[in-house]
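Colleague: pasting the structure only:
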């Protein structure tokens, strides 16, 4: 039997600094620090999404209308689009995107702290070990709609627990009908995440009330029905078909997802950070003065089971299972708490260690994003040579394997800023049937209309994440584009671009080639 947690501090009693409101505010503000410097948040997929936002806002501009069409549709993948649309009309697209993206880790952090407070009735200092997972692989990869939906789900889960603790079940059921719809609209995976959180918490609550496990499971299902309305929306969304669901029980890929929970730039540091999270959890299990919350431990187990059972691709969206893994670890760490007999000195020691870990991870992510932003600025000087409305085919060099070099592929969708800043055409958008608002109409581009035509590898590499650079340079349709933009390219034969005019370059081999002279569309 798991011993009870330490009771909350009596009203008016002095609290340690990690239980104060000032601490909560500081943690939420600290979560925004890594994103303050970069003008454009350097998250891998975000730049491709930003191209879509530009068409969403200015699709009637002739150069955009000639290559894209945008149509709103009811789907569980609208989160940042819906947030950016009104905000960008007030302050511009790039500032709007930056504000929305900064809000995501702040809301996720606030949600984690709220959940911990509701479950433990106080904030254990160990919660700070969980907070670096806000900047997990899922977020740095740029799954921004999912990340926004999870941020809202975390806050909603805090409210769910609070209303459950007060036995306000009727009010909770009424509130969570619209809340579930909002989370689903942001991203369907986030809605599923919220459902798992609500179900697991209610099962443990019912079991603690004296019900058998089977009756507790039934009650958990019943209490979670207030979240079920998006099932109807899901049917309406998916009735048109499209979007494959595949790659079940790919254990190699799942182990990769586990090992890259905190993947950023420096392999050794990221791995040390990951193993430190495991060590802290194991320490809490074996140490006689620490224990675990049954509710949050069970929640972590349910999320872990979902990770094992989910395929890699759902409705055409890749890395569906991987997105859960940072939160499996987050909830496991949030579950740590004191027994009644924990001396204050141990709380201070854990608080100092946890704060040191959080500050170290925050500093490393901040510096990593600063380096990526500076690299963006160097590469984006190429756009000074690109006229408004130009059609640009970008080719970004990748390593031979998905973890080669370890750093995230932050330049992979840099071409999206051709659309954002030059109102032109870029070949790095996604074509996911049933899950897209943007349709590419530049049929002359052929294979080079969509991602992954923007990704190239060395000719000797297996063409898993990109095609060989020589093949791509030799066969891309020159009449469909005005410029070729090579970004960090692997070695290639200069003869393959001998028919093009180089107008810009960097020492790393990045280059911009003009394919043909001629006027581009005027600026909007």
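Modeller: Looks like it came in fine. Bear in mind the structure is a predicted one, so any value in this text is a computation, not a measurement. Residues are numbered from 1 along each chain as shown.
Colleague: show me where the stretch 151-300 of the chain has helices.
Modeller: Taking DSSP state H, counting those that start in this stretch, the helices of the stretch 151-300 of the chain run over residues 169-186, 188-208, 213-223, 230-238, 251-259, 267-286, 294-309.
Colleague: dump the ones you listed into JSON lines; add mean neighbour count and distance to residue 452 as well.
Modeller: (Glycine included, C-beta is placed from N, CA and C.) As requested, these are arranged in JSON lines below (neighbours: other CB atoms under 10 Å; distance: least, CB to CB, whole Å):
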{"stretch": "helix 169-186", "mean neighbour count": "18", "distance to residue 452": "25"}
{"stretch": "helix 188-208", "mean neighbour count": "23", "distance to residue 452": "22"}
{"stretch": "helix 213-223", "mean neighbour count": "15", "distance to residue 452": "40"}
{"stretch": "helix 230-238", "mean neighbour count": "15", "distance to residue 452": "24"}
{"stretch": "helix 251-259", "mean neighbour count": "14", "distance to residue 452": "17"}
{"stretch": "helix 267-286", "mean neighbour count": "15", "distance to residue 452": "24"}
{"stretch": "helix 294-309", "mean neighbour count": "19", "distance to residue 452": "25"}
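Colleague: can I get these in CSV with distance to residue 489 and mean pLDDT?
Modeller: Output for the helices of the stretch 151-300 of the chain, formatted as CSV (distance: least, CB to CB, whole Å; pLDDT from 0 to 100):
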stretch, distance to residue 489, mean pLDDT
helix 169-186, 36, 95
helix 188-208, 34, 92
helix 213-223, 53, 89
helix 230-238, 39, 83
helix 251-259, 26, 86
helix 267-286, 23, 95
helix 294-309, 36, 93
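Colleague: which among the ones you listed is found nearest to residue 36?
Modeller: Closest of the helices of the stretch 151-300 of the chain to residue 36 is helix 267-286, at 21.3 Å (criterion: CB to CB).
Colleague: and that closest one, how far out from the chain's middle?
Modeller: When distances are taken as CA atoms, centre = their mean, to the nearest Å, helix 267-286 is centred 22 Å away from the chain's centroid.
Colleague: helices or strands up against that helix?
Modeller: Using 3 or more CB pairs under 8 Å, 6 or more residues apart in numbering; DSSP states H and E, the elements in contact with helix 267-286 are helix 127-130, strand 290-292, helix 325-334, strand 336-338, helix 344-379.
Colleague: how about 10 Å then?
Modeller: On a contact count with 3 or more CB pairs under 10 Å, 6 or more residues apart in numbering; DSSP states H and E, helix 267-286 meets helix 127-130, helix 251-259, strand 290-292, helix 294-309, helix 325-334, strand 336-338, helix 344-379.
Colleague: that helix to helix 344-379, inter-axis angle?
Modeller: Interaxial angle, helix 267-286 versus helix 344-379 (axes from the mean of the first three to the mean of the last three CA atoms, to 10 degrees): 160 degrees.
Colleague: buried residues, stretch 62-79. List them.
Modeller: 63, 64, 67, 68, 70, 75, 76, 77, 78, 79 (16 or more other CB atoms under 10 Å).
Colleague: cool, stretch 381-391 as well?
Modeller: 382, 383, 386, 387, 389, 390, 391.
Colleague: ends of that stretch, what's the gap?
Modeller: When the termini of stretch 381-391 are compared using CA to CA, to the nearest Å, they are 17 Å apart.
Colleague: for that stretch, give the mean pLDDT please.
Modeller: In this model, stretch 381-391 has an average pLDDT of 95.
Colleague: same check, this time on stretch 74-82
Modeller: 92.
Colleague: same check on stretch 92-110?
Modeller: Here the average pLDDT along stretch 92-110 is 97.
Colleague: going by distance to residue 170, which of the buried residues of stretch 62-79 wins?
Modeller: Nearest to residue 170 among the buried residues of stretch 62-79, with distances taken as CB to CB, is residue 76, at 26.9 Å.
Colleague: give the helix, strand or coil label for that closest one.
Modeller: Here residue 76 is coil, with the state taken from DSSP: H, G, I helix; E, B strand; the rest coil.
Colleague: in this structure it contacts residue 237, no?
Modeller: Yes. Using CB atoms under 10 Å, residue 76 and residue 237 qualify as a contacting pair, with a distance of 6.3 Å.
Colleague: overlap in contacts, those two.
Modeller: Common contacts of residue 76 and residue 237 (CB atoms under 10 Å, 6 or more residues apart in numbering): 184, 188, 230, 315, 435.
Colleague: among those residues, pick out the one closest to residue 261, please.
Modeller: Nearest to residue 261, judged by CB to CB, of the shared contacts of residue 76 and residue 237 is residue 188 at 22.2 Å.
Colleague: and that closest one, what does it touch?
Modeller: Contact analysis of residue 188 by CB under 10 Å, 6+ apart lists 75-77, 145-146, 149, 230, 233-234, 237-238, 314-315, 317, 320, 435.
Colleague: rerun that using 8 Å as the cut-off
Modeller: 76, 77, 230, 234, 315 (CB atoms under 8 Å, 6 or more residues apart in numbering).
Colleague: which residues touch stretch 205-222?
Modeller: Contact with stretch 205-222 is made by 164, 198, 199, 200, 201, 202, 203, 204, 294, 295, as judged by CB under 8 Å, 6+ apart.
Colleague: now stretch 172-190, how far from the centre of its chain.
Modeller: Mean-position distance between stretch 172-190 and its chain equals 19 Å (CA atoms, centre = their mean).
Colleague: tell me which stretches of the stretch 51-200 of the chain form strands.
Modeller: Assignment of strands within the stretch 51-200 of the chain using DSSP state E, counting those that start in this stretch yields the ranges 68-70.
Colleague: quick one on the thing from earlier: redo the buried residues of stretch 62-79 as JSON lines? Include distance to residue 362.
Modeller: Shown next, in JSON lines, are those (distance: CB to CB, whole Å):
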{"residue": "63", "distance to residue 362": "41"}
{"residue": "64", "distance to residue 362": "38"}
{"residue": "67", "distance to residue 362": "40"}
{"residue": "68", "distance to residue 362": "38"}
{"residue": "70", "distance to residue 362": "37"}
{"residue": "75", "distance to residue 362": "34"}
{"residue": "76", "distance to residue 362": "31"}
{"residue": "77", "distance to residue 362": "29"}
{"residue": "78", "distance to residue 362": "30"}
{"residue": "79", "distance to residue 362": "24"}
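Colleague: what's the closest of the shared contacts of residue 76 and residue 237 to residue 470?
Modeller: Ranked by distance to residue 470 (CB to CB), the shared contacts of residue 76 and residue 237 are led by residue 435 at 32.6 Å.
Colleague: can you confirm the closest one is in a helix?
Modeller: No. Using three-state DSSP, the secondary structure at residue 435 is coil, not a helix.
Colleague: that one: how many residues sit nearby?
Modeller: Using other CB atoms under 10 Å, the number of residues around residue 435 comes to 20.
Colleague: count of neighbours near residue 367?
Modeller: The local packing of residue 367 (other CB under 10 Å) involves 15 other residues.
Colleague: longest strand in the chain, please.
Modeller: Longest strand of the chain, by residue count under DSSP state E: strand 391-397.
Colleague: list of residues touching that strand?
Modeller: Residues from elsewhere that reach strand 391-397 (CB under 8 Å, 6+ apart): 67, 386, 409, 411-412, 414-415, 418, 422, 424-428, 442, 445, 448, 453-458, 466, 469, 472-473, 476, 480-490.
Colleague: quick one: contacts for residue 296?
Modeller: By CB under 8 Å, 6+ apart, residue 296 lies in contact with 115, 119, 331, 332, 334, 335.
Colleague: just put those residues in TSV and tack on neighbour count, pLDDT and distance to residue 180.
Modeller: Shown next, in TSV, are those (neighbours: other CB atoms under 10 Å; pLDDT from 0 to 100; distance: CB to CB, whole Å):
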residue	neighbour count	pLDDT	distance to residue 180
115	29	96	17
119	23	94	21
331	27	96	20
332	25	96	25
334	28	96	22
335	25	95	25
